Structures are given as C-alpha cells and as structure tokens.
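# Got a predicted model here, sequence first, then my questions.
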Amino acid sequence: MKNILVTGGLGYIGSHTVVELQNEGFKVTIIDNLSNTRISVLDKIAEITGIKPDFHQIDLRIKSDVKNFFETNTVDGIIHFAAFKAVGESMQKPLDYYENNVNTLVYLLQEMRDRKLDNFIFSSSCTVYGQADILPITENATVKKAASTYGNTKQIGEEIIQESCKSHHLNAIALRYFNPIGAHSSVKIGELPLGVPQNLIPFVTQTAAGIRKELAVFGNDYPTTDGTAIRDYVHVVDLAKAHIAALQRLINKNNKEAFEFFNVGTGTGTSVLQVIKAFEKASGKPLNYKIVDRREGDITAAYADTSIANKELKWKSENTLEEALESAWKWQQQQN
Ligand code: UFG
C-alpha cells in the first residue's frame, strides 16, 4: 500500500483529495498546521471513508520539524496543498506569502532530494496565465507576469520544481486549477471560509442563507455577452480526482517529462450572472444582488482547454455546474 503525504490535507481541496486517495486504496498521511481549517475535518474524513488518516500537526515553515517528520516517516509520494491562498491578502502581506508558499516548498524538496524520494504533485493555479490572449486557455499559453503576490508564489513554485526535476531525481506534476467550488456529496466536508468570503460561491451561498445582505457583482462592463466576468467553475471532487490521476501517472511512470503541468477545469466558461441564475435554479431561492464597480486585479475571462489533461491524465470533470452549486448550497445549509 503506497503511503501518500498530503500537506494541507485538512483544507478545502486537500480534504476532498484525501477522501479520494483513501477510496482508491492509498494510505494517507496528513500534515496540516490548522491555520485555515478545523481539526474536526479529520473525523469527517474518517466518517466518509471509514479510515482515519495519520495526522501530524506540523508547520512546514519550521525546517527542523519538516526534517524530523521525514526521519520517522516513509512516503511514496507527496501532494503539496499547504499554502496561503487569498489574492487580496497576499498584496498586504507579501513576505508572509513568500515564506509560507515558497520556503515550505523548498524544505519539502530538499528532504525529497536528500532521501531520494520521488512523485510530487503541486497545487498550482490558472492565475499563472493572467489574462490569456486566447480562450480557452491551453497549457501552451504564455505564463505572464503575475498580477498578485499569491500568483507569483505559484509561478515561482513551478520554477523551483522544474529546476529541481532537472538537477536531481524528481518527477513532478503541477495542476493548474481553475475555480474550485462545491462540497462532498456526504455534506461532511466542504469549504470553510474564515470571516467574509472573498470568493464568489461562498458569498452566494451565505447571501442565500441570510448571513450576507446581498451579493456585490463586481462589474457588468466587461467585454462578455452579459458584461460580467467569466470563469471556469470545477467541482472540488472532480478536482480531487485529477490529483489521483496525476499521482498514478507518476507512480506508474507514464509521465513524458520529469516536470509536467496540466489545466484542471471543466472547459466551460460561465459569467457571474449565469452563476447566479444557475444557483437560483439549483437552490430554488432568489438571490439578492447588485452590480458594483469592478474588483481591482480581476481579469475578464478565464476558462480551460482541458484536452491535454483529458488525454494525458485520462481525467475529465464529471459534475455539472448545477450539481456543484447544489452541493455548495447543501453544505451551506448544513453550516447553519
Ligand atoms: N465575484 C463577484 N462578487 C464577489 C466575489 C467574486 O462578483 O463577491 C466575481 C469576481 O469578480 C470574479 C468571479 O466572481 O469575476 C470569481 O471570483 P472568485 O473570487 O471566486 O475567484 P477568482 O477567479 O478571482 O480567483 C480564483 C481563486 C484564486 C486564483 C484565481 C485565478 O480564488 O485563488 O482564481 O484566476 F488565483
């Protein structure tokens, strides 16, 4: 049984990936510092899968703790989620973002190098493309200068991994996520935003639940069909399954390059107003919203060309937007 280390394994995408790993028969070891989640997620994972993963409360910024972990644990692969992820906050606290997102990656890769460990999956983001010139976005699109510190940490992360793959024995895949949404069908795990949500879907569900007065739609003067910005919303369980596909590709040595990267999205672009309509249909509740100015740093449109991921990873997103929104709504109601 292969033992997979999942850093940030109690976070939003991490917890869904741990469930899928266990469903596929992997043993899972989680490292999480609980900075943006709750320890109760561990029990929820156990309720869903019947297996409680090994858990280590470690802060990866403490290099000696990272070393200690690897001295006493053997792993067959690492899926590295642990990172800060708020675009706006990253502009206020750049050094915290570089420390948490870049240093921790270096410490993990140093341990992998020193112990000759292989198989590394990295949480990357479609933010590396900025506003792409051509839509849908293929993996061949230019990586443009990042618009935020957060985005820059993902670009730098990919470069660090690529160079590590060249200089020592390491095979790695970066998954460039589009917009993950939704919750597990058991309604036991989902997104747990702290404070006022920054992302669209948690704001939508909290508005429908009466926690927020109204949703502010950031701009309706974009050059799109209805004027609102377009994104590619992918169900978090589909996204989780992309990690299993990527891991199996590395373990089975089916990768074509030591470092590879793939888009993980649905391939469909949806505007903010279309999301609102789809949510109203999925939840049966009208949504209170108003149009306000554009949000600084937002791009007009981003959606994935997923043909390379479909072919190489043999992975395809399966859930519809409506299904994803329905699960997000169920999750929200459960929180109430
Ligand atoms: N939006 C609103 N109102 C809100 C929140 C969002 O209208 O209250 C709009 C945004 O303007 C955008 C869309 O909804 O057009 C999606 O916004 P999100 O904040 O949910 O997602 P982003 O596309 O801005 O950001 C996401 C991830 C980032 C990642 C980025 C890459 O949250 O981590 O994609 O493009 F870097």
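Structure's in. What do you need?
# For the residue in the stretch 201-336 of the chain that the ligand sits nearest to, give me its contacts.
Nearest residue of the stretch 201-336 of the chain to the ligand: A229, at 3.2 Å (Cβ to the nearest ligand atom). The C-beta positions use only the backbone N, C-alpha and C, and glycine is treated the same way. By Cβ atoms under 8 Å, 6 or more residues apart in numbering, A229 lies in contact with 218-219, 222, 271-272, 298-301.
# Equivalent analysis for R176, please.
124-126, 128-129, 139, 261-264.
# ok, now with 6 Å
With contacts defined as Cβ atoms under 6 Å, 6 or more residues apart in numbering, R176 is in contact with 124, 126, 263.
# how about the residues of the stretch 1-150 of the chain that lie near the ligand?
Residues of the stretch 1-150 of the chain that fall close to the ligand, judged by Cβ under 6 Å from any ligand atom: 85, 87, 125-127, 150.
# Identify the residue of the stretch 1-150 of the chain closest to the ligand, quick one.
For the stretch 1-150 of the chain, Cβ to the nearest ligand atom, closest residue to the ligand: T127, 3.5 Å.
# For N100, see how far away that residue is.
Distance, T127 to N100, by Cβ to Cβ, to the nearest Å: 16 Å.
# rewinding a little: sort out for me which of the contacts of A229 are in strands.
The strands, defined by DSSP state E, take in 218, 271 from the contacts of A229.
# between the contacts of A229, which has the most around it?
V272 (23 neighbours; other Cβ atoms under 10 Å).
# which residues does the spatially closest residue to that one that is not a sequence neighbour contact?
Spatial nearest neighbour of V272, chain neighbours left out: T228 (3.9 Å); criterion: Cβ to Cβ, 6 or more residues apart in numbering. Contact analysis of T228 by Cβ under 6 Å, 6+ apart lists 220, 271-273.
# Would you check which of those are in contact with the ligand?
Okay, of these touching the ligand (Cβ under 6 Å from any ligand atom), that's V272.
# got JSON lines for the contacts of T228, with pLDDT too?
As requested, those are exported to JSON lines (pLDDT from 0 to 100):
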{"residue": "N220", "pLDDT": "98"}
{"residue": "S271", "pLDDT": "98"}
{"residue": "V272", "pLDDT": "98"}
{"residue": "L273", "pLDDT": "98"}
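# Closest to Y107 out of the contacts of T228?
V272 (38.6 Å; Cβ to Cβ).
# Next, the buried residues of the worst-scoring helix or strand of the chain on mean pLDDT.
The weakest-scoring helix or strand in the chain, judged by mean pLDDT, DSSP states H and E, is helix 87-92 (a mean of 90). Neighbour counts over helix 87-92 (16 or more other Cβ atoms under 10 Å) mark 87, 89-90 as buried.
# Could you list the alpha-carbon positions for that helix in CSV?
Backbone C-alpha positions of helix 87-92 (Å, rounded to 0.1, in the frame of the first residue of the first chain) are rendered in CSV as follows:
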residue,chain,number,x,y,z
VAL,A,87,-5.1,37.0,-3.6
GLY,A,88,-6.0,40.3,-1.8
GLU,A,89,-4.3,39.4,1.4
SER,A,90,-1.1,38.4,-0.5
MET,A,91,-0.7,42.1,-1.6
GLN,A,92,-0.8,43.2,2.1
